[in-house]
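# Fold the following for me, if possible:
(chains A and B)
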2 protein chains.
Amino acid sequence: MNAPHIVVLGGGFAGIEFCKALKNQPVRITLVDRQNHHLFQPLLYQVASAGLAAPEIAHPIRSIFSDFDNVDVILDEVTAIQLKEKSVSLRDGDSLDYDYLIIGLGVKTGYFGNNEWKKHAPGLKTINDALRIRREILLAFEKAETCEDEADRQRYMTTVVVGGGPTGVELAGAFAEIARHVLKSDFRKIDTSTARIFLVEAAPRLLTMYDEKLSDYTEKKLTSLGVTVKVNTMVKSISDRSVDLGTETIEAGNIIWAAGVEAPKVTRDLGVELDTGGRIVVEGDLSVPGFPEVFALGDIAHCIDQAGKRVPGLCPAAIQMGKHAAKVIADELGTTPAKGYPVRKQFRYFDKGSMATIGRSAAVAESNGMKFDGFIAWLMWLFIHLLFLVGFRNKAAVLLQWIYAYARYRRGARIITGITYDS
Amino acid sequence: MNAPHIVVLGGGFAGIEFCKALKNQPVRITLVDRQNHHLFQPLLYQVASAGLAAPEIAHPIRSIFSDFDNVDVILDEVTAIQLKEKSVSLRDGDSLDYDYLIIGLGVKTGYFGNNEWKKHAPGLKTINDALRIRREILLAFEKAETCEDEADRQRYMTTVVVGGGPTGVELAGAFAEIARHVLKSDFRKIDTSTARIFLVEAAPRLLTMYDEKLSDYTEKKLTSLGVTVKVNTMVKSISDRSVDLGTETIEAGNIIWAAGVEAPKVTRDLGVELDTGGRIVVEGDLSVPGFPEVFALGDIAHCIDQAGKRVPGLCPAAIQMGKHAAKVIADELGTTPAKGYPVRKQFRYFDKGSMATIGRSAAVAESNGMKFDGFIAWLMWLFIHLLFLVGFRNKAAVLLQWIYAYARYRRGARIITGITYDS
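Residues are numbered from 1 along each chain as shown, chains lettered A, B, ... in the order given. Reported below is the predicted structural model:
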């Protein structure tokens, strides 16, 4: 039998773990990603807030698989999936036929249909997003410093973060710390500690997926950092310089959108059941209904776990899904449809809990019904994220930088790139 | 007496050292730079060749002077200098009056009048240049991997570096090492070790400012790394996909221009003597002839030293110039033109020598008539550059990364940023 050809779409946690789990197996894998790097998403807010340099949280996908003879990496974007023909189309015009297909494309920033908000309020899903946010936040302080008009200055020194989930909380906390500590002595005309940061959330509390006590703690902690938290507050509209909240309009130099995600367009033409976010509703074995050779993994999958709950869009879930699909396929190697596939194992989600960091030494964490907050939770967060960075070449360097930044309240990555002039 | 107002144009080595030397002196300094960061230029080629992340060699200017009460930093670009009116105009419309003016604007990539080559052959003077070169070099290998046409593939795998000075030598050596070692096991269809790197120099030898023996060593070493060195070779024209050398045309996916620099446009309207590169010909005290309150420092100055030789455009020269101008001004504090200025000290250049690195453990260095090459020179280079990084927060991190990269032949910064898609 020829080695089956597996096409993997997306080099996120699901796709990478899937490929790793099939090392040395008799399969041919083609991994397609539109970026050349795997991204350590949980630390992306650190790049946006000038705590880390981009390459410190991104790893070239090719080098992850440099000693995997059965993995071929292609830098390209999938434009369409033909489930019945078992083939995918790529932007450069090529198409790939597959025996198995892994859809691990993740999700992108979603504006609930208000796509015109996108240009005023960038989301945070990619390195480019993070570098854009970093540039614009830092440039706003520069503009405030040289600005003559008091209203303009006030606006440049105002940032609105929309969305009180983990990303919004982490960004708001990081921005508050930059303004209050990191940049404070750098400017002469403005007092950066008077910068205003708003965190706007439509639900009645922040971090709705956590226990209410942790939400309360998070709100208190953010408030003490100087963030103005507005819960029960819907965004009515966003312009290039303000956010309309219905009851009030906030003039803001920077608006960041962390309020929603949606699946990429390519899922819409699949002809299979999707949830409201465009995610693919999968079977218990993570395959796409009617197409046992196709799996949807990670954030793009709408998966109900053994307890009847939706599996959350978190790294550990994506990793577990990648391993599960690899196991299912490995079990089927050497079998044929004619002989009958073995009965597939059902995916069981092991909930390791989740955590969000709020600032320089505070976090919230929840695991197996246990709740943590404050410094202890932050140490847990630090430890787990450093463990995660194992395999990234720069673990020691990242650790050193954090220790240094922690001790000195510095942010070494706060350089602005991308400024261009004509001459 | 009011504290005199000193406007410093440019946050390079000259401008930064000048300001540092006037710490706690009764002067008011306004430092203007069009980027928010001071750049450690000698390591810029490492960013271009994916060895270091951008923030590792760039430092926010504001934070350098955060505890200097007499230094005000403005992010803006100077558009004109009115020597007679003692004022400078900025792009945002403001103007600044000065008692003393420091012109430390550096030089930019120059194409000897062939400005149409610029878009095909970027130079390497800024972080953006470095990130562009990194992106294009890495993308060319990606294109070669998926490309069907053999001629196209050959072209994508060909890089031409124009200019055999230190920057050209360092880039060519770094590109050769990436192709031969770093990327070799990452690709499946192409053999990156067959990538062709040309180094083209119009003069009869590389590194013309060095002793001939070191030029010979450099050419041999580069050749052994796989670089094709072409001396006595003039570029006739550059298109988006080829370099015409008169005797032959090289089809190339990447063309880098390291062949010349010139002063920024703003010097042309000063009405003072310039050299052919647009640099300001300065007096022995580094002031601009006829304008004792104006100094030109660093690469933008055409300065003849005590031995009658042109002071080279190197960091140590810029630093010495910055310190000298600060000393001259400090000596004049409290004096007035009416009382007569003290006689100014003449600038004396202390030549510390110069060095260029060729690859993973080879360099050339020349100091006080002594010549070094090979591993010894490389250790000297490493030691001196690490010393220079003192004051950068990430010295230890940079060292760690180098040690790691050296041991493992890795390049952690080889992520491609700036790829954008519509969806």
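# and residue A:205, that one's in a strand?
No - with DSSP: H, G, I helix; E, B strand; the rest coil as the criterion, residue A:205 is assigned coil and is not in a strand.
# these two touch, right, it and residue A:229?
No - with contact defined as CB atoms under 8 Å, residue A:205 and residue A:229 do not form a contacting pair (9.4 Å). Bear in mind the C-beta positions are built from the backbone N, C-alpha and C, glycine included.
# more neighbours, these two?
For residue A:205 against residue A:229, the residue with the higher neighbour count under other CB atoms under 10 Å in any protein chain shown is residue A:229, and the figures read 21 against 17.
# so what's the closest residue to residue A:92 other than its chain neighbours up against?
Taking CB to CB, 6 or more residues apart in numbering or on different chains, and ignoring the residues beside it in sequence, residue A:92 has residue A:76 as its nearest neighbour in space, at 5.4 Å. Residues counted as contacts of residue A:76 (CB atoms under 8 Å, 6 or more residues apart in numbering or on different chains) are A:32, A:34, A:90-92, A:94, B:146.
# Between those, which sits nearest residue A:312?
Proximity of these to residue A:312, judged by CB to CB, is greatest for residue A:34, which lies at 24.6 Å.
# Now for that closest one, how many residues are close by?
Residue A:34 is flanked by 20 other residues according to other CB under 10 Å.
# Model confidence for it, exactly?
Residue A:34 is assigned a predicted lDDT (pLDDT) of 94.
# Would you agree it is in contact with residue A:73?
No - counting by CB under 8 Å, residue A:34 does not reach residue A:73; the two are 11.9 Å apart.
# all helices of the stretch 51-200 of chain A, in order?
For the stretch 51-200 of chain A, applying DSSP state H, counting those that start in this stretch gives helices covering A:61-64, A:127-146, A:150-156, A:166-177.
# And the ones you listed: which comes nearest residue A:326?
helix A:61-64 (15.0 Å).
# Check the gap between residue A:171 and residue A:355 for me.
Here residue A:171 is placed at a distance of 16 Å from residue A:355 (CB to CB, to the nearest Å).
# Check residue A:38 too.
Between residue A:38 and residue A:355 the distance, using CB to CB, works out to 21 Å.
# now do residue A:204
Applying CB to CB, the value for residue A:204 to residue A:355 is 22 Å.
# Pick out whichever of these two has more residues nearby.
Taking other CB under 10 Å, residue A:204 and residue A:355 do not tie; residue A:355 has more neighbours (23 against 10).
# other SSEs contacting the host helix or strand of the more buried one?
Element membership of residue A:355 [criterion: DSSP states H and E] is strand A:354-359. Counting contacts by 3 or more CB pairs under 8 Å, 6 or more residues apart in numbering or on different chains; DSSP states H and E, strand A:354-359 is packed against helix A:166-177, helix A:212-225, strand A:362-367, helix A:374-388.
# Kindly recompute the last result at 10 Å.
Of the remaining helices and strands, those touching strand A:354-359 by 3 or more CB pairs under 10 Å, 6 or more residues apart in numbering or on different chains; DSSP states H and E are helix A:44-48, helix A:166-177, helix A:212-225, helix A:315-332, strand A:362-367, strand A:370-373, helix A:374-388.
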